[in-house]
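**Q** coordinates for the following, if possible.
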Amino acid sequence: MTSTIPFVLHWTTCHSHSFMESVQMTTKVSSCKSFSNPLQAKFNNFRVIGQVGFAPLWCSRSRSGCLRLRASISGGGIGGSQDAVEEEKQEKGLILGTERDGSGAVIGFHLIPQSGEVEVNEVNSVKDININNLKEAEEIEGEGKAQTRITYNIVFVTAEAAPYSKTGGLGDVCGSLPIALAARGHRVMVVSPRYLNGSTADKNFASAVDLDSRIKVYCFGGVQEVDFFHEYRDGVDWVFVDHPSYHRPGTLYGDTRGAFGDNQFRFTLLCHAACEAPLVLPLGGFTYGEKCVFLANDWHASLVPVLLAAKYRPYGVYKDARSILVIHNLSHQGVESAATYQNLGLPSEWYGALEWVFPTWARTHALDPGLAVNLLKGAVVTADRILTVSQGYSWEITTVEGGYGLHELLSDRKSIINGITNGIDVAEWDPSSDEHIPYHYSVENISEKVQCKTALQKELGLPIRPDCPLIGFIGRLDYQKGIDLIRSAIPEIMEDDVQFIMLGSGDPMFEDWMRATELAHKEKFRGWVGFNVPISHKITAGCDILLMPSRFEPCGLNQLYAMRYGTVPVVHGTGGLRDTVKNFNPYAQEGKGEGTGWTFSPLTKESMLAALKIAVRTYKEHKSSWEGLMRRGMRRDCTWENAAIQYEQVFEWAFIDPPYVSSD
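**A** Just a heads-up that it's a prediction; the model follows:
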């Protein structure tokens, strides 16, 4: 006996932005029919009502880790219930039975009556549904089962996120990686301060809307009130913590007189607010809830893992959450006087997690006990996983030279440390469409790059010489970037037939040196003091060689931009520079060559000059080899999607182990 029953299938998820699609399904119930392809049987009778345009909806997961579907007799309307599938078994008629793998995760569904088994006949053609929208469901070879990729609620906590706020690479990462993860189906929130300094930069927050959700934060000896602003853009919830301490002239961290004296307060406030945001903000109609992955970026966000362990988990909150510390630059750790611990809003017994003792030689006087609190150290102790922005840097931070006093602690936790090289925004940095450069080119046609070079020479007042090797530097003028090395080598560099352009700001001593060098070598050297986005793009496109003699470089972005534009990098072999620039070998691949640039080590003037001379000679005398270097660099995969896939693997590892719990 066969009967026809109309059903409305409701996909319900706490991850989507108040979005539900109803799918009408007509079934014929039979007691003996079966299918040779179970995956086809599951989707064979679906007919889409409206366009299914929100692919992540098909792969969203509930707190229990399973996709929740609700079946009801048509006419019952769209269900918004958050109940699990098992709780729906009380519904009359057919229900969706779940098929699970060994771990308990749902891998398939089949229609069954409450009283026994049933098979579903083929009625409508499977072509009525766009299977591309089910890209997260893949047939397991030989079994015909659906394997669904896990999705996560991800919360970035950061002091800066481009384009809203940025001083360097941290802003680039937290402005691009969340978008890449959201595009892969995850629900992503970025929490950062709402900076207002009275300049044109304030317009960056113009589209953010006040959520009218004021909360109280208990720290610094009293109750602090913060507001939240929100913008939904590129699939990401951009959440901005609003407080008067973020409204002042200057940069994000200081002004002309130095760093702000209340930075510890400002970023303690950020961390407390970020921990509350997933619980209290109904973004798109649903809060993120307690099962989140927190990504705490650098010392500014380092209290987040500590707060989860000390303030929330002991009371049963965030027991299913995980925290990942992302180290962009270990040299900045958020160290303050030990007396400030009482201001952080932490239980007194957790002082040891942040305790920091300066060595004798670093103390101010003989009676100074050297006691302090180190926010980054607290995160290293309590985070469930630790990431750095390149593989090389993940090793360097465990050494005496690169660990900045935390090397022993990081070595003890090296089993949970991984490095993932940053990507770049390939839409902004694309020589075929860059709005800042006068001529466009691509890896298939690089002939116009020389036109960018002559245009740059003309704009900066250098002699227009298309065949003269043009060397560039873009970056901060400080000790880390090896500016002292460039300064000492300039007399020898200027003896060669080259031109040199530098763009940057920082140490006034180096700024004055750049101006003086330009006056001394008007035909060969130009120094642009300050930072200018269009000029940085023009230098990247117009130069032949990019020099980066950094003492340490956790990842580095300029060498990635340079390779994308066919500009060959010459870099010190450290951190992310060593990871991303493959040394040129002209004899590999039967003389066709391999590599994308040159790395030099040790960090000495002689070593740097030797690498530069080889690069200049290759440019002048071996044009085919140089063209190969350019093309290999331009073809290199440096997208954020590649990095996002690696982040997903770390999320999976983080949830394999239990969260951090104090052993005391």
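**Q** ok, and the closest non-adjacent residue to the most centrally placed residue in the chain?
**A** The centre of the chain sits closest to Leu177, judged by C-alpha atoms, centre = their mean, with a distance of 3.3 Å. Closest residue to Leu177 apart from its sequence neighbours, by C-beta to C-beta, 6 or more residues apart in numbering: Trp640 at 5.7 Å. Every residue, glycine included, has its C-beta placed from N, CA and C.
**Q** C-alpha coordinates for the strand or helix carrying the residue nearest to the centre of the chain, PDB please?
**A** Using DSSP states H and E, Leu177 sits in helix 169-183. C-alpha atoms of helix 169-183 as PDB (Å, rounded to 0.1, in the frame of the first residue of the first chain):
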ATOM      1  CA  GLY A 169      50.200  43.200   9.900                       C
ATOM      2  CA  LEU A 170      47.900  42.500  12.800                       C
ATOM      3  CA  GLY A 171      45.200  44.700  11.300                       C
ATOM      4  CA  ASP A 172      45.700  43.000   7.900                       C
ATOM      5  CA  VAL A 173      45.300  39.500   9.300                       C
ATOM      6  CA  CYS A 174      42.300  40.300  11.400                       C
ATOM      7  CA  GLY A 175      40.700  42.100   8.500                       C
ATOM      8  CA  SER A 176      41.100  39.300   6.000                       C
ATOM      9  CA  LEU A 177      41.300  35.900   7.700                       C
ATOM     10  CA  PRO A 178      37.800  36.200   9.200                       C
ATOM     11  CA  ILE A 179      36.300  36.800   5.800                       C
ATOM     12  CA  ALA A 180      38.100  33.700   4.400                       C
ATOM     13  CA  LEU A 181      36.800  31.600   7.200                       C
ATOM     14  CA  ALA A 182      33.200  32.900   6.900                       C
ATOM     15  CA  ALA A 183      33.400  32.100   3.100                       C
END
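**Q** helices and strands around that helix, which ones?
**A** Contact here means 3 or more C-beta pairs under 8 Å, 6 or more residues apart in numbering; DSSP states H and E; on that basis helix 169-183 packs against strand 153-157, strand 187-193, strand 236-242, strand 293-297, helix 640-656.
**Q** from Lys458, how far off is Cys543?
**A** 14 Å (C-beta to C-beta, to the nearest Å).
**Q** and for Arg631?
**A** Taking C-beta to C-beta, one finds Arg631 at 26 Å from Lys458.
**Q** re the thing from before, residue contacts, the residue nearest to Leu177?
**A** Counting by C-beta atoms under 8 Å, 6 or more residues apart in numbering, Trp640 makes contact with 176-177, 179-180, 423-426.
**Q** quick one, what contacts Phe600?
**A** Counted by C-beta under 8 Å, 6+ apart, Phe600 has contacts 570-573, 607-608, 610-611.
**Q** among these, name the buried ones.
**A** 570-573, 607-608, 611 (16 or more other C-beta atoms under 10 Å).
**Q** out of the helices and strands packed on helix 169-183, which is closest to Pro314?
**A** Comparing the helices and strands packed on helix 169-183 against Pro314 with C-beta to C-beta, the closest turns out to be strand 293-297 (17.0 Å).
**Q** torsion angles phi and psi at Phe228?
**A** Dihedral pair for Phe228: phi -120, psi 130, per degrees, to the nearest 10.
**Q** hmm, His243 and it touching each other?
**A** No: contact criterion C-beta atoms under 8 Å: Phe228 and His243 do not qualify, at 10.5 Å.
**Q** so between those two, which is more surrounded?
**A** When Phe228 and His243 are compared for neighbours, Phe228 comes out ahead with 24 against 18, by other C-beta atoms under 10 Å.
**Q** now the more buried one, nearest residue through space, not along the chain?
**A** The nearest residue in space to Phe228 (C-beta to C-beta, 6+ apart) is Leu211, at 4.6 Å.
**Q** my guess is Arg632 meets Gly595, correct?
**A** Yes: Arg632 is in contact with Gly595 according to C-beta under 8 Å; the separation is 7.1 Å.
**Q** looking at the helices and strands packed on helix 169-183, which is nearest to Val304?
**A** Nearest to Val304, of those and by C-beta to C-beta, is strand 293-297 at 4.3 Å.
**Q** pull up the pairing partners for the closest one, direction included.
**A** Here strand 293-297 has these sheet partners by DSSP bridges: strand 153-157 (parallel), strand 322-327 (parallel).
**Q** take those strands and lay them out in TSV including mean neighbour count and mean pLDDT.
**A** Below are those laid out as TSV (neighbours: other C-beta atoms under 10 Å; pLDDT from 0 to 100):
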stretch	mean neighbour count	mean pLDDT
strand 153-157	26	98
strand 322-327	27	98
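**Q** dump the residue contacts of the residue nearest to the centre of the chain.
**A** Taking C-beta under 8 Å, 6+ apart, one finds 156, 422-423, 640, 643-644, 647 in contact with Leu177.
**Q** which of the buried ones among the contacts of Phe600 fall in helices?
**A** Mapping the buried ones among the contacts of Phe600 onto helices (DSSP state H) picks out 607-608, 611.
**Q** so which of those residues is the closest to Ile150?
**A** Using C-beta to C-beta, those come closest to Ile150 at Ala611, 44.6 Å.
**Q** ok, that closest one to Asp210 distance?
**A** Counting by C-beta to C-beta - Ala611 and Asp210 are separated by 54 Å.
**Q** and stretch 241-255, what's buried?
**A** In stretch 241-255, counting by 16+ other C-beta under 10 Å, buried: 241-243, 245-246, 250, 252-253.
**Q** got the end-to-end distance for that stretch?
**A** One end of stretch 241-255 sits 21 Å from the other (C-alpha to C-alpha, to the nearest Å).
**Q** next: stretch 328-344.
**A** Using C-alpha to C-alpha, the end-to-end distance of stretch 328-344 comes to 23 Å.
**Q** who touches that stretch?
**A** Counting by C-beta under 8 Å, 6+ apart, residues outside stretch 328-344 touching it are 169-170, 173, 219-221, 264-265, 267-268, 297-300, 302-303, 348, 351, 354-356, 371-377, 388-389, 397, 402-404, 406, 480, 552, 554-555.
**Q** SS state for Arg578?
**A** The three-state label given to Arg578 by DSSP: H, G, I helix; E, B strand; the rest coil is helix.
**Q** in the chain, where is pLDDT below threshold?
**A** 1-149, 591, 663-664 (pLDDT under 70).
**Q** buried residues in stretch 354-362, which are they?
**A** 354-356, 358.
**Q** then stretch 340-355?
**A** Across stretch 340-355, burial judged by 16+ other C-beta under 10 Å covers 340-341, 343-346, 350, 353-355.
**Q** how far does it sit from its chain's centre?
**A** Remark: stretch 340-355 is offset 29 Å from the chain centroid, using C-alpha atoms, centre = their mean, to the nearest Å.
**Q** how far does it stretch from one end to the other?
**A** One end of stretch 340-355 to the other measures 11 Å (C-alpha to C-alpha).
**Q** next one: stretch 244-252
**A** 13 Å.
**Q** how near is Val568 to Leu547?
**A** 10 Å.
**Q** of the two, give the one with the bigger neighbour count.
**A** The residue with more neighbours, out of Val568 and Leu547, is Leu547; 28 against 25, by other C-beta under 10 Å.
**Q** Val443 reaches Gly633, doesn't it?
**A** No: contact between Val443 and Gly633 fails when scored by C-beta under 8 Å: they sit 9.1 Å apart.
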